[in-house]
Every structure is written in C-alpha cells, then in structure tokens.
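Novice: here are the coordinates; sequence isn't available:
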Ligand code: KIV
C-alpha cells in the first residue's frame with residue numbers, strides 16, 4: 001500500500017481547527033499563478049486575491065475602481081497556480097452592496113468561473129443580509145472590519161479605526177458577522193487591545209493586518225512583505241526582503257549587458 005497522501009485543499013474548517021488549537025496561521029495576497037505557487041511552497045495556507053490588486057497590480061490610488069471582470073482572471077490564475085492553499089476572492093466595491101441577490105450573483109461567479117473557495121466582503125451591520133445569503137448558499141464568507149478601504153472616502157483616509165467608543169460598534173459588528181454565518185473576520189488597522197478583545201469573544205478566526213499580535217491569523221499584501229512597494233510602508237509592515245532593490249539592480253545589469261553586447265553570449269544562442 002502506498003504511503004503517499006494525496007494533496008487536498010485546505011478548508012476554512014482546517015483553519016478553524018488551527019485557531020481552536022491556538023495555532024496562529026497566515027494569509028498572504030496573491031494575484032498571479034507563479035507568485036501564488038511560491039507562497040504556497042513557503043507554507044502559506046490561505047491566499048487572498050484582494051481588491052488591493054487595484055493598487056499594486058493596476059496602479060490605482062484606491063481599491064475602488066477594480067471590477068469583477070478584472071478580478072476573475074486573477075482568482076483563476078491563483079487557483080491554477082496552487083494545489084493546497086485555500087483561495088479567498090475579495091468582492092470588489094459595487095459588486096455586493098446592493099443586497100443579498102447581488103452578493104450571491106457575484107460570489108457565484110467567483111466560485112463557478114474562477115474556482116474560489118471562499119469570498120470576502122467589507123462592512124458590518126449593513127452587509128449582514130449578504131453574509132446570511134452567502135452562508136445559506138454554502139459559500140464561506142470572510143468579513144472585514146476596521147479600516148475598510150472601499151469606504152476610504154467616508155472614513156476620510158487610511159487611518160486607525162475603532163478608537164474610543166467606535167470600538168464598541170466594531171465589537172458589535174464582529175459578533176453580528178459571526179452570528180450571520182461568517183467563517184472568519186479581517187480586522188484592519190485597529191488598536192491591538194480591541195483586536196485582542198474581539199479575538200477572545202469570537203469563536204471564528206480573526207485575521208489581523210495592523211491589528212497587533214492578538215489575532216488568530218495575520219494577513220499581508222505580498223508586495224509589502226517582500227519590499228516591492230516603495231517606501232514608506234505602513235507602520236504594520238515588516239519587510240522580509242527588498243525586492244525593489246534586487247530587481248532594479250538585476251535588470252540594470254541586464255540593460256548594461258545588452259548595451260555592451262555581453263548578452264546574449266554563445267551559450268544563449270542557437271546554431
Ligand atoms: O485587498 C486586500 O488585500 C485586503 C487585505 C489587505 C486584507 O483586503
């Protein structure tokens with residue numbers, strides 16, 4: 001009998017089990033097949049095809065412009081580039097706010113056309129009907145509270161959320177999301193004490209970004225993690241590489257070699 005265990009996708013239940021066992025886990029954004037494969041090989045169990053693609057892939061100055069049709073091919077690519085990681089598709093601005101019907105239609109496209117395993121949407125009380133509809137349809141839903149970038153115009157900028165009394169509202173929203181059927185909730189740029197309290201009160205995993213060390217999981221944009229985005233990085237980012245410098249230096253050498261005719265050399269040519 002073979003001892004080979006076939007690979008299978010990590011599920012939200014697996015991630016819940018890690019949380020129940022007190023094991024922190026990681027989520028990283030991914031937008032293409034190759035990078036997704038590298039992140040999976042490095043041991044990342046959950047990949048988020050974030051609407052941050054609007055900024056780090058498409059060059060917009062907010063997440064608002066990106067469309068479902070722009071995100072679908074990225075989700076498909078990330079699914080194709082991986083075999084074990086759970087792939088979460090972010091529902092873009094304007095693709096779920098109208099109500100449960102619109103949310104279900106959009107999420108269905110991400111699941112059927114792109115093969116996503118879960119979806120994420122932003123907001124608290126206002127999106128509870130959407131969360132309930134998706135959960136009833138068997139779609140794992142990740143909530144997103146705190147700094148919700150799709151509401152940047154209302155929030156007045158990318159700033160800390162949940163300070164003072166608004167922390168109680170965030171706590172209420174988090175509990176309501178769990179009750180509505182959310183399987184996890186992202187907490188973005190909130191005070192660490194608040195994130196810790198929410199994590200203690202909820203049974204589902206909390207996934208922090210700029211929320212301190214007390215959440216059950218951490219999520220990060222890969223270009224921030226690996227130093228491809230320009231400085232200054234947000235306070236919560238620790239750079240684990242400096243890809244911007246690595247790429248600039250390497251491509252610069254190639255440009256020089258082309259100019260000096262030292263590339264291509266004999267071994268790169270066909271006879
Ligand atoms: O779009 C995104 O990348 C996100 C994460 C930062 C949580 O929502």
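Specialist: Thanks, I have the structure now. All figures in this text were calculated on a predicted structure; none of them were measured in a lab. Residues are numbered from 1 along each chain as shown.

Novice: what's the spacing between residue 225 and residue 79?
Specialist: Applying Cβ to Cβ, to the nearest Å, the value for residue 225 to residue 79 is 21 Å. Heads up, the C-betas are built off the backbone N, CA and C, glycines and all.

Novice: Kindly report the same for residue 209.
Specialist: For residue 209, the distance to residue 79 - Cβ to Cβ - is 23 Å.

Novice: Number of residues surrounding the nearest residue to residue 236 once chain neighbours are set aside?
Specialist: Of all residues not flanking residue 236 in the chain, residue 210 sits nearest, at 3.6 Å (Cβ to Cβ, 6 or more residues apart in numbering). Here the number of neighbours of residue 210 (other Cβ atoms under 10 Å) works out to 23.

Novice: Check residue 210 and give its pLDDT.
Specialist: Looking at residue 210, its pLDDT is 98.

Novice: Point out the residues in the stretch 1-150 of the chain that sit beside the ligand.
Specialist: 29, 48, 50-52, 90 (Cβ under 6 Å from any ligand atom).

Novice: Using neighbour counts, pick out the buried residues of the worst-scoring helix or strand of the chain on mean pLDDT.
Specialist: In the chain, no helix or strand scores lower on mean pLDDT, DSSP states H and E than helix 152-155, which sits at a mean of 94. Of the residues in helix 152-155, residue 152 count as buried by neighbour count, 16 or more other Cβ atoms under 10 Å.

Novice: That helix near the ligand anywhere?
Specialist: No - applying Cβ under 6 Å from any ligand atom, one finds helix 152-155 out of contact with the ligand, separated by at least 12.1 Å.

Novice: and residue 113, which of the three is it?
Specialist: helix (DSSP: H, G, I helix; E, B strand; the rest coil).

Novice: Confirm for me that it is in contact with residue 79.
Specialist: No - using Cβ atoms under 8 Å, residue 113 makes no contact with residue 79, being 10.6 Å away.
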